[in-house]
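Chemist: Build the 3D model from these lines:
(one chain, ligands or ions: 1)
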Amino acid sequence: MFQKILIANRGEIAVRIIRACQELNIKTVAVYSTADKDALHMQLADEAVCIGPSKANESYLNIHNILSAAVLTGAEAIHPGFGFLSENSTFAAMCEEVNVAFIGPKKEVIDQMGNKSNARDMMKKANVPVVPGSDRSITLFEDVKKMVDDIGLPVIIKAVAGGGGKGMRMVFEEKELEAKFLQAQSESKAAFNDDRMYVERIITPAKHIEVQILADHYGNVIHLGERDCSLQRNHQKILEEAPSPSLTVKTRQRICQSAVAAAETVGYENAGTIEFLVDTDENFYFMEMNTRIQVEHPITEMITGIDIVKEQIKIASGERLSVSQDDVNLTGHAIECRINAENPLFNFAPSPGNIEFLNIPSGGLGLRVDTAMFAGAVIPPFYDAMVAKVITHGNTRDEAINKMNRALNEMVIEGIQTNLDFHIDLLENESFQDGKYTTDTLTQKIIPSWLKTKEANG
Ligand code: MV4
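Modeler: Numbers count the residues shown, from 1 in each chain. Predicted structure coming up:
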């Protein structure tokens, strides 16, 4: 086992990883930007190294400074968390160069799954269902045109280097095809310096269901069930739950089995997630694979009792999976609400600032709050707006919802605007309660009706 790990991240996920290390008796090195000089992650770690100024590009994305910090402190491994360098294969390769273990899959697999068209290809070969669409990447409009003549409208144009919705356009009418293609392509060129695109039929309405995978260095691959992540706004998840309230047992089994097959095919190692679109007839289609720990991993931990971050560390150090598929029991229901520093009444605009008063609900069975906030803390404007994750677990979905409602009503955050009240109302919304919501329910239905009641009440 490693004796010392550097955490190349900030905020609640850095704190989450430090906690796992402490429980495994591993020393921790935090890295921080000048904006985070008093942040919780740097206070909790055994050592902390400043890696640059506020801007992420000059600090949390600064490979040189992070690797220098690792080498100088004698860290044997780096946990990248999510975002920042977590899916950067160059970073993974450079860790290897300086003899520091990257806690994640092989760099080749990061690249293979980062190329979304290639990922599609590999899944087809593994007999994992993919959305009907183009079999190779496209850079010329005339080839998109041919493709659409083939599969018909509507289609979705996606960037090969994309993911998470960047460089993506839905096209419903022939006359908008060329403009939308060129928009998506120039967005991709600007964001990823890559103009390769691919085309798929649109699956709508659909649920976003993702399967948590664990895989060790000895070919053992297991799944930890699925999560329903359909409630999103601008490709940011707001609330996730596990298991999905609307999948049949049979579909759940088939999706989870497909996800294991997908991970096996690519020679996956460490924790990963396979995302699927599931249509109203419960047909499911591979969407993308995320080669990192995800924000919403705690709901899977709650229903399995497995500490995914500890498993990641053990896997990277060469240990075998501590559980087999038969040992994994999915118990009860878990929900996560993402609390963001933002103003829902002002188009969810970010609301950084000082935490002047804070009450984190902490009591009661089946409640967990992951956050790096404390009274007196500063939420800097430079990074993600997510400031806390409230997670509840109950024997049933109703129990988890009631517990969440109780917890959110105990929570007090003063000094910044948050989406706490929005979450409390969301839990009561019929479209959430019935569990049938799809990827457009939040923006098409829930938010508009919520804004109306807010207007009516002043
Ligand atoms: C799709 C789709 C419908 N059909 N692909 C969104 C981000 C990226 N992961 C792919 N995404 C989508 N791909 C086909 N063929 C709809 C979406 C989509 C979406 C997916 C999950 C959650 C929210 C979403 C919001 C808009 C579009």
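
Chemist: Report the contact partners of the residue nearest to residue 415 when sequence neighbours are not counted.
Modeler: Distance criterion Cβ to Cβ, 6 or more residues apart in numbering; nearest residue to residue 415, sequence neighbours excluded, is residue 356 at 3.5 Å. (Each C-beta comes from the backbone N, C-alpha and C, glycine too.) For residue 356, the contacting residues are 375, 414-415, by Cβ atoms under 8 Å, 6 or more residues apart in numbering.

Chemist: Residue 117 now?
Modeler: Neighbour list for residue 117: 134, 136-137, 160, 196, 198 [criterion: Cβ under 8 Å, 6+ apart].

Chemist: and what of residue 174?
Modeler: Residue 174 neighbours (Cβ under 8 Å, 6+ apart): 148, 153.

Chemist: hmm, back to that, who wins on neighbours among the contacts of residue 356?
Modeler: residue 415 (18 neighbours; other Cβ atoms under 10 Å).

Chemist: how far away is residue 149 from residue 177?
Modeler: Going from residue 149 to residue 177 by Cβ to Cβ, to the nearest Å gives 11 Å.

Chemist: Looking only at neighbour counts, state which of those two leads.
Modeler: Higher neighbour count among residue 149 and residue 177: residue 177, with 20 against 10, using other Cβ under 10 Å.

Chemist: Which of the helices or strands spans the more buried one?
Modeler: Element membership of residue 177, judged by DSSP states H and E, is helix 177-192.

Chemist: touching the ligand at all, that helix?
Modeler: No - counting by Cβ under 6 Å from any ligand atom, the ligand is not contacted by helix 177-192; separation bottoms out at 12.1 Å.

Chemist: just checking, what packs against that helix?
Modeler: helix 141-151, strand 155-159, strand 169-171, strand 197-201 (3 or more Cβ pairs under 8 Å, 6 or more residues apart in numbering; DSSP states H and E).

Chemist: just the ones you listed: most buried one?
Modeler: Highest mean neighbour count among those (mean count of other Cβ atoms under 10 Å): strand 155-159, with a mean of 25.

Chemist: tell me the angle of that strand relative to helix 177-192?
Modeler: Computed by axes from the mean of the first three to the mean of the last three Cα atoms, to 10 degrees, the angle separating strand 155-159 from helix 177-192 equals 20 degrees.

Chemist: in its sheet, what does strand 155-159 sit against?
Modeler: Strand pairing for strand 155-159, using DSSP bridges, gives strand 169-171 (antiparallel), strand 197-201 (antiparallel).

Chemist: what angle separates the longest one from helix 141-151?
Modeler: In other words, strand 197-201. 20 degrees.

Chemist: Tell me which residues are up against strand 197-201.
Modeler: For strand 197-201, the surrounding residues in contact (Cβ under 8 Å, 6+ apart) are 116-117, 120, 131-134, 136-139, 144, 147-148, 151-152, 154-160, 167, 181, 184-185, 188.

Chemist: Which strands border the helix or strand just after it, and is each parallel or antiparallel?
Modeler: With elements assigned by DSSP H and E, the helix or strand that comes after strand 197-201 is strand 206-215. Within its sheet, strand 206-215 is paired with strand 221-233 (antiparallel), strand 270-279 (antiparallel), according to DSSP bridges.
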